[in-house]
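Colleague: kindly generate the corresponding structure for this input.
(2 chains)
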Amino acid sequence: AQSVTQLDSQVPVFEEAPVELRCNYSSSVSVYLFWYVQYPNQGLQLLLKYLSGSTLVKGINGFEAEFNKSQTSFHLRKPSVHISDTAEYFCAVSKAAGNKLTFGGGTRVLVKP
Amino acid sequence: EAGVTQFPSHSVIEKGQTVTLRCDPISGHDNLYWYRRVMGKEIKFLLHFVKESKQDESGMPNNRFLAERTGGTYSTLKVQPAELEDSGVYFCASSQDSRVLTDTQYFGPGTRLTVL
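Modeller: Predicted structure coming up:
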């Protein structure tokens, strides 16, 4: 079985400041890793995913994440946030292509002016 | 191209009533997934269709939930009878080909179900 832990339920951050959202997972098998974002009143949108290869993954809207196998982590970062980045962010894993996603509890990011 | 759509966006029903949620996947997507987020908890997988067949229904909580995908197009999720603990947001997602490593699940906006 797999599980995902997002260590911060809420992260307040000032506009133009950097942000890091932490995600740790546990699994007995290799996994694929994802970050999704949910803007207010919208569905989940894929930010980025790690399938294989380079451990640094770049996504949309200036986000990137780094896969660390030894620490079983997949933290999400953005060097400078905008008001429009206010949303809830979800880390997820799956054990195979086309397999169900296992989500963390989500992290609400509130960007303040 | 239209994304995944879900209807209704909100539903408020009383305990014991029946509710049917609908999901229309992206055109041409063979895979359809249902997920649920109960208040304050994580999003949890319910089931996965490949075309009209149930590939994985390991997340269905009990037999009060019935999912169908007749004809392999849209899907419905019926809850009968609804209980208080069924309240939450029900998400639908679709993907083109689950056999492909780079296959991506695209999510709809969700249906918020409130059982009183």
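Colleague: chain B contacts on chain A?
Modeller: With the criterion set to CB under 8 Å from any CB of the partner chain, chain A comes near chain B through A:4, A:36, A:41-46, A:49, A:51, A:90, A:97-106. In this view, the C-beta of every residue, glycine as well, is placed from N, C-alpha and C.
Colleague: and those, which of them are buried?
Modeller: Buried by 16 or more other CB atoms under 10 Å in any protein chain shown: A:4, A:36, A:43-46, A:49, A:90, A:97-106, out of the residues of chain A next to chain B.
Colleague: among those, which are in strands?
Modeller: A:4, A:36, A:44-46, A:49, A:90, A:102-103 (DSSP state E).
Colleague: look up the closest residue to the residue of chain A found nearest chain B, ignoring the ones flanking it.
Modeller: Nearest residue of chain A to chain B: A:Gly98, at 2.2 Å (CB to the nearest CB). By the measure of CB to CB, 6 or more residues apart in numbering or on different chains, the closest residue to A:Gly98 outside its immediate chain neighbours is B:Ser98, 2.2 Å from it.
Colleague: need the pLDDT of the one you found.
Modeller: Turning to B:Ser98, the model gives it a pLDDT of 72.
Colleague: in contact with it: list those residues for me.
Modeller: By CB atoms under 8 Å, 6 or more residues apart in numbering or on different chains, B:Ser98 lies in contact with A:97-99, B:30-31, B:48, B:50, B:55.
Colleague: in chain B, which ranges drop under the pLDDT threshold?
Modeller: For chain B, the stretches with pLDDT under 70 are B:1.
Colleague: ranges for the strands of it?
Modeller: B:5-7, B:10-13, B:19-24, B:31-37, B:43-50, B:53-56, B:65-68, B:75-79, B:88-95, B:106-107, B:111-115.
Colleague: what of chain A?
Modeller: A:3-6, A:10-14, A:19-21, A:23-26, A:32-38, A:44-50, A:56-58, A:64-68, A:73-78, A:87-94, A:102-103, A:107-112.
Colleague: quick one: distance of the last one to the chain centre.
Modeller: Distance, stretch centre to chain centre, for strand A:107-112: 13 Å (CA atoms, centre = their mean, to the nearest Å).
Colleague: same deal with the shortest one?
Modeller: The offset between the C-alpha centroid of strand A:102-103 and the centroid of the whole chain comes to 11 Å, using CA atoms, centre = their mean.
Colleague: neighbours of residue 107, just the number please.
Modeller: Using chain A. 22 (other CB atoms under 10 Å in any protein chain shown).
Colleague: should've been chain B
Modeller: As a burial measure, B:Phe107 scores 23 neighbours (other CB under 10 Å).
Colleague: do A:Val19 as well
Modeller: By other CB under 10 Å, 20 other residues sit near A:Val19.
Colleague: swap in B:His29?
Modeller: With other CB under 10 Å as criterion, B:His29 counts 20.
Colleague: again with the one 10 residues further on
Modeller: The number of residues packed near B:Met39 is 8, by other CB under 10 Å.
Colleague: show me what contacts residue 45?
Modeller: As the question left the chain open, I've gone with chain A. Per CB under 8 Å, 6+ apart, neighbours of A:Gln45: A:36-39, B:107.
Colleague: other chain: chain B
Modeller: Taking CB under 8 Å, 6+ apart, one finds A:100-102, B:33-35, B:56, B:58-59 in contact with B:Phe45.
Colleague: can you do 10 Å?
Modeller: Contact partners of B:Phe45, counting by CB atoms under 10 Å, 6 or more residues apart in numbering or on different chains, are A:92, A:94, A:99-103, B:33-36, B:56-60, B:91, B:93.
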